[in-house]
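Peer 1: show me the folded form of this:
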Amino acid sequence: MLESNLNSKNPQRVLVVAYVFPPVGGAGVQRVTKFVKYLPEFGWEATVLTTENPSVPLTDESLLSDIPPQTKIVRARTLEPGYAFKRSILASNSNVTVSANGAASSKSDAAPKSSGMLAAVTAYAKRFLRGAVNLVLQPDPQVLWNHHAIESGLRILSQEKHDAIFVTAPPFSSLLVGAELSRRTGLPLVLDYRDEWGISNAYWENRQQGFFTRWLQSAMQRRVVRSAAALVATTQHSADALRSVATEAGTRPLVTHIYNGYDADDLHSSGKTPLLDPVLEAGTDRETYKLSYVGTLWNLTTVEPIVRAVQLLSEQSPELAARLELHFAGRRTGPQDELLDQLNGLPCRVTRQPYVDHDEAVKLMQTSDGLCLLLADLPDVGRVVPGKLFEYMAVRKPIFAVTPPGEVADLLSDCPLGYIHAPSDIAGLAQRLGDEIERKRLGVPLPVGLHNAEQFERRQLTQQLAHLFDAVTGRTETRDQRHVVVRPSHSHTRVANKVASAPVDRNSNH
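Peer 2: All right, here's what the predicted structure looks like:
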């Protein structure tokens, strides 16, 4: 049972800076939404500073139900153009666009390609404009939100007492907002890296980085890290990388990791009781094996190994491939859709859906026989753990984890339903698919083990964040109840001394 915060009757307040927040949709929104949902249980109320007119491709009304009614939400306007304009003007030749959380999506309503000189001129103009935007708007186009966000943040902090500032990124320009608010108010700053800055820039679609951009963004990151009392990553390996960034910046904030997780409420199970054992089969039909992938397909999560494995299975055992039903729900880049096109004409059945809201995504997981998790064999990808992994584990279905060595493989190493294959192991993956299809047809039960997914429940993960807030604010000390006085500058000496004495292990897993 989780302990209640001793000071819950006199809660502290944190300013949460989140460019993406419900009703904006996407995987990146869920992390901050669940933090805001559960923080009050541990003595922390949230004021959320977010965007009034976010330039994003997706909305998900189902996430609004997670926001506690007492949550204060302030929305500041951004100067960005609407997402439709960015999609039509700034999209690359591969018809790919990028959301505020860095996920790629396909351009489904592109106009027919022109021919000849006009097509060449149009393509050149788009490349030029995209390059100019990437060069001028550093570190990302969402920096056009920063002016109004800082103004609104200062107004919030001058009107009501807050005890800490928490910023979640990407977009990484939001970290600049948090650093400026901390500088102007003296409040301790906690930076939440949903993705690593460097990895994101290396693999995001439409990011064209030259020497100047890399140098400038490295300088930006060092500056915001020096402003932070604590850094939070989503994986242990990413926390190690952030610790190195802090060392290079000449500072020593608290550095830890808090995994993404699953919310037991979303699975229609009580967060205070263990989840039920898995339903051994998604339905009574033993003749069909439903394998699903939920999320974005792009260069970092390429579907190519699955396509190659299904092609091989179709050659070797067409009768088994005919029992396979593949479901893909989420955004896809053009090249990924082209890979899926290669399954046309094979005995298997393929269903493609666009982005579905979170409730529908969970239902798809629960009604599937197996679930795919995909990571490409690219540099540093071993530090990435897709957020869907924890919901996959919670619904207790077989997980086909196509991943290079790294933290995903480590997390699944003792999971009896985790089937780990290297992206190059096409033969092994095809064999596994065939074995699973045959297992279901014969009615053989799934393996049952002692793997505990409850450590990744969102309530417990939020408790870790609350403990971190307690540490950086010196929660055991008597705090002044006056409103924060906004001033042009301050020294972080007092905050740094408090952080240095805080009872938190910098190398702690939680």
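Peer 1: if we ignore the residues flanking it in sequence, what's nearest residue 250?
Peer 2: residue 226 (7.1 Å; Cβ to Cβ, 6 or more residues apart in numbering). C-beta here means a position set from N, CA and C on the backbone, and glycine is covered the same way.
Peer 1: shouldn't residue 416 be in contact with residue 448?
Peer 2: Yes. Using Cβ atoms under 8 Å as the test, residue 416 is close enough to residue 448 to be in contact (6.8 Å).
Peer 1: quick revisit: wait, what's in contact with the residue nearest to residue 250?
Peer 2: By Cβ atoms under 8 Å, 6 or more residues apart in numbering, residue 226 lies in contact with 249-251.
Peer 1: top of these by neighbour count?
Peer 2: For these, counting by other Cβ atoms under 10 Å, the largest number of neighbours falls to residue 249: 19 neighbours.
Peer 1: any idea how far residue 179 is from that residue?
Peer 2: Distance, residue 249 to residue 179, using Cβ to Cβ, to the nearest Å: 12 Å.
Peer 1: next, show the common contact partners of the two.
Peer 2: Common neighbours of residue 249 and residue 179, using Cβ under 8 Å, 6+ apart, are residue 223.
Peer 1: tell me where the longest strand sits in this structure.
Peer 2: Ranked by residue count, the top strand of the chain under DSSP state E comes out as strand 44-51.
Peer 1: and that one, which strands flank it?
Peer 2: When pairing is defined by DSSP bridges, strand 44-51 lines up against strand 12-17 (parallel), strand 72-76 (parallel).
Peer 1: what's the following helix or strand after the first one?
Peer 2: As assigned by DSSP states H and E, the chain's next helix or strand after strand 12-17 is helix 27-38.
Peer 1: who are the packing partners of that next one?
Peer 2: Applying 3 or more Cβ pairs under 8 Å, 6 or more residues apart in numbering; DSSP states H and E, one finds that helix 27-38 contacts strand 12-17, strand 44-51, strand 164-169, helix 458-473.
Peer 1: can you list the weak-confidence ranges in the stretch 351-500 of the chain?
Peer 2: 449-450, 476-500 (pLDDT under 70).
Peer 1: before we move on, back to that, what about the contacts of residue 226, which are in strands?
Peer 2: Using DSSP E, no member of the contacts of residue 226 sits in strands.
Peer 1: ok, so of the residues you listed, who is nearest residue 378?
Peer 2: residue 249 (25.9 Å; Cβ to Cβ).
Peer 1: so who does the closest one touch?
Peer 2: Counting by Cβ under 8 Å, 6+ apart, residue 249 has contacts 221-223, 225-226.
Peer 1: which one of these is nearest to residue 421?
Peer 2: residue 221 (34.3 Å).
Peer 1: hmm, that closest one is touching residue 193, no?
Peer 2: No. Contact status for residue 221 versus residue 193: not in contact, 9.9 Å apart, counting by Cβ under 8 Å.
Peer 1: domain ranges for the chain, per the record?
Peer 2: 12-261+457-500, 268-442 (automatic domain parsing).
Peer 1: just give me the neighbour total for residue 118.
Peer 2: Neighbour number of residue 118 under other Cβ under 10 Å is 9.
Peer 1: and it, how far from residue 334?
Peer 2: Applying Cβ to Cβ to residue 118 and residue 334 gives a distance of 21 Å.
Peer 1: one more: residue 429?
Peer 2: For residue 429, the distance to residue 334 - Cβ to Cβ - is 24 Å.
Peer 1: these two - which one has more neighbours?
Peer 2: residue 429 (23 against 20).
Peer 1: contacting residues for that one?
Peer 2: 305-306, 309, 400, 402, 421.
Peer 1: inside helices: which ones of those residues?
Peer 2: 305-306, 309 (DSSP state H).
Peer 1: any idea which of the residues you listed is closest to residue 138?
Peer 2: Nearest member of those to residue 138, counting by Cβ to Cβ, is residue 305, at 35.3 Å.
Peer 1: that closest one touches residue 375, doesn't it?
Peer 2: No. Judged on Cβ under 8 Å, residue 305 makes no contact with residue 375 at a distance of 9.9 Å.
Peer 1: shared neighbours of those two, anything?
Peer 2: 402, 423.
Peer 1: checking residue 291 next. Helix, strand or coil?
Peer 2: Secondary structure assignment for residue 291 (DSSP: H, G, I helix; E, B strand; the rest coil): strand.
Peer 1: what sits up against the helix or strand encompassing residue 363?
Peer 2: Using DSSP H and E, residue 363 sits within helix 358-366. By Cβ under 8 Å, 6+ apart, the residues outside helix 358-366 that reach it are 25, 30, 60, 62-63, 266-267, 279, 282, 292, 294, 327, 329, 356, 371, 391-392, 395, 397.
Peer 1: C-terminal to it, what's the next element?
Peer 2: strand 370-374.
Peer 1: how distant is that following strand from the center of its chain?
Peer 2: 17 Å (Cα atoms, centre = their mean, to the nearest Å).
Peer 1: so which elements touch that strand?
Peer 2: strand 289-294, helix 304-316, helix 388-395, strand 399-402.
Peer 1: so which of these is nearest residue 144?
Peer 2: Per Cβ to Cβ, nearest to residue 144 of these: helix 388-395, 30.3 Å.
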